[in-house]
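Asks: Fold the stuff below for me.
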Amino acid sequence: MELAILAIVLLALAYPLIGSGALKTQPELAESELSDLLYRKDAAYIALKDLEFDMRTGKIGKEDYEEVKTSLEAEAVSLIAMIDAVGKTASGGAKAEKPEKKKGKFCPECGSRLEKPTKFCPDCGQKL
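Replies: Numbering: from 1, shown residues only. Below you'll find the predicted structure:
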């Protein structure tokens with residue numbers, strides 16, 4: 001009897017650690033992985049922007065700038081490729097329709113999303 005109660009208590013305690021991961025469906029896993037990749041891609045873009053600013057203000061030398069920029073660009077490209085792969089996996093490999101491109105949705109300089117039509121990007125100040 002005591003052994004049965006102990007087993008039930010252990011299962012109840014272990015369920016959040018093991019059970020919840022096993023119950024996730026494939027789309028939930030893909031969505032979680034996709035949001036992580038999108039976050040990492042945004043972080044790489046921000047790092048590139050900061051690196052550009054640091055080079056322009058003289059905080060970093062030209063040689064170091066080129067080296068770090070190359071590695072950050074390579075990371076961003078690999079993240080974009082992984083995002084595409086996860087997107088294809090989540091859609092079941094079916095060819096997804098391309099969303100209609102709308103002018104003025106994203107800044108061509110920094111890539112930030114523009115909520116409403118403006119003349120300048122609210123993030124980087126680029127003229128649109």
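Asks: What ranges in this protein fall below the confidence cut-off?
Replies: Across the chain, residues meeting the criterion (pLDDT under 70) sit at 1, 15-30, 89-104.
Asks: can you give me the strands in it?
Replies: Taking DSSP state E to define them, one finds no strands in the chain.
Asks: Find the residue at the geometric middle of it.
Replies: In the chain, the centroid-proximal residue (C-alpha atoms, centre = their mean) is residue 38; its distance is 1.3 Å.
Asks: separation between the nearest residue to it once chain neighbours are set aside and residue 37?
Replies: Of all residues not flanking residue 38 in the chain, residue 83 sits nearest, at 6.6 Å (C-beta to C-beta, 6 or more residues apart in numbering). To be clear about C-beta, it is placed using only N, CA and C from the backbone, and glycine gets the same treatment. If you measure residue 83 against residue 37 using C-beta to C-beta, to the nearest Å, the figure is 5 Å.
Asks: Between the two, point out the one with more neighbours.
Replies: Of the pair residue 83 and residue 37, residue 37 is the one with more neighbours under other C-beta atoms under 10 Å, namely 20 against 16.
Asks: got a list of what that one touches?
Replies: The contact partners of residue 37, taken as C-beta atoms under 8 Å, 6 or more residues apart in numbering, are 79, 82, 83, 86.
Asks: Correct me if wrong: the last one contacts residue 33.
Replies: Yes. Taking C-beta atoms under 8 Å as the definition, residue 86 is a contact partner of residue 33 at 5.5 Å.
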